[in-house]
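**Q** A structural model of the following input is requested.
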Amino acid sequence: MSDYYNAFEMSPVPTPGPDAVPPEPFRGIYGMPAFVTIPTVDLTESVEFWTRKLGFFELFSIPGRLVHLRRWAFQDVLLVPAERVPEEAPAVSVSFACVLSEVDAIAEACGAVAQDTPWNTRDVSVTTPEKARIVYTAAKPFDPAGQEARNLAAVGITPGDR
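**A** Numbers count the residues shown, from 1 in each chain. As a prediction, the model looks like this:
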């Protein structure tokens, strides 16, 4: 008996597949279960990068103090002004779910290369003007007889009902 159960119905992430369609940007107001705060020396440049290249939108702003960006539900980013940011990208990265059809467009917009992972996703990693590492990750269709299934089974993850 396991304490785990299927809770996919509460996630905005669609079922993986070649025809998966990303959800609409989520404009509702909720208590954020998690979010990332990123300091920037140029709020305007950062907002432009996040909105034009990464598909976020400006939910609201407090001029000169904070810009709240969002993409899907539960994908919240707060940009805050800073006098300086690190010269090198930090060791921390943030990952956002997406669908396969979005990966190549994000990679192209950012001059990056998408890569397939052993855990059945296609990812693209970019560094923002604030030196944050952002990873967009899309689940690929699951083949229970494929190598990715064997990779997951090797670490104790077996396919569930979805």
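
**Q** For the closest residue to Thr158 other than its chain neighbours, report the pLDDT, please.
**A** Nearest residue to Thr158 in three dimensions, chain neighbours excluded: Leu152, at 7.3 Å (CB to CB, 6 or more residues apart in numbering). Backbone N, C-alpha and C define where each C-beta goes, glycine included. You'll see Leu152 listed with a pLDDT of 75.

**Q** now swap in Ala97 and tell me
**A** Predicted confidence (pLDDT) for Ala97: 90.

**Q** With the one 5 residues further on instead?
**A** The per-residue pLDDT reported for Glu102 equals 94.

**Q** Okay, and the beta partners of the spatially most central residue of the chain?
**A** Among the residues of the chain, the one closest to the centroid is Phe96, at 1.1 Å (CA atoms, centre = their mean). On the basis of DSSP bridges, Phe96 is bridged to Tyr136.

**Q** Hmm, Arg71 and it touching each other?
**A** Yes - counting by CB atoms under 8 Å, Phe96 does reach Arg71; the two are 6.4 Å apart.

**Q** Now do the shared contacts for the two.
**A** Taking CB atoms under 8 Å, 6 or more residues apart in numbering as the criterion, Phe96 and Arg71 do not both touch any residue.

**Q** what about the strands in this structure?
**A** 36-40, 57-62, 66-70, 76-81, 93-98, 115-116, 121-127, 133-139 (DSSP state E).

**Q** and the helix or strand of the chain with the lowest mean pLDDT, which residues are buried?
**A** In the chain, the helix or strand scored least confidently by mean pLDDT, DSSP states H and E is helix 147-154, which has a mean of 80. Residues of helix 147-154 classed as buried under the neighbour-count rule (16 or more other CB atoms under 10 Å) are Glu148, Ala149, Leu152.

**Q** Without its sequence neighbours, what residue ends up closest to the first one?
**A** So that's Glu148. Closest residue in space to Glu148, ignoring its immediate chain neighbours: Asn120 at 3.7 Å, by CB to CB, 6+ apart.
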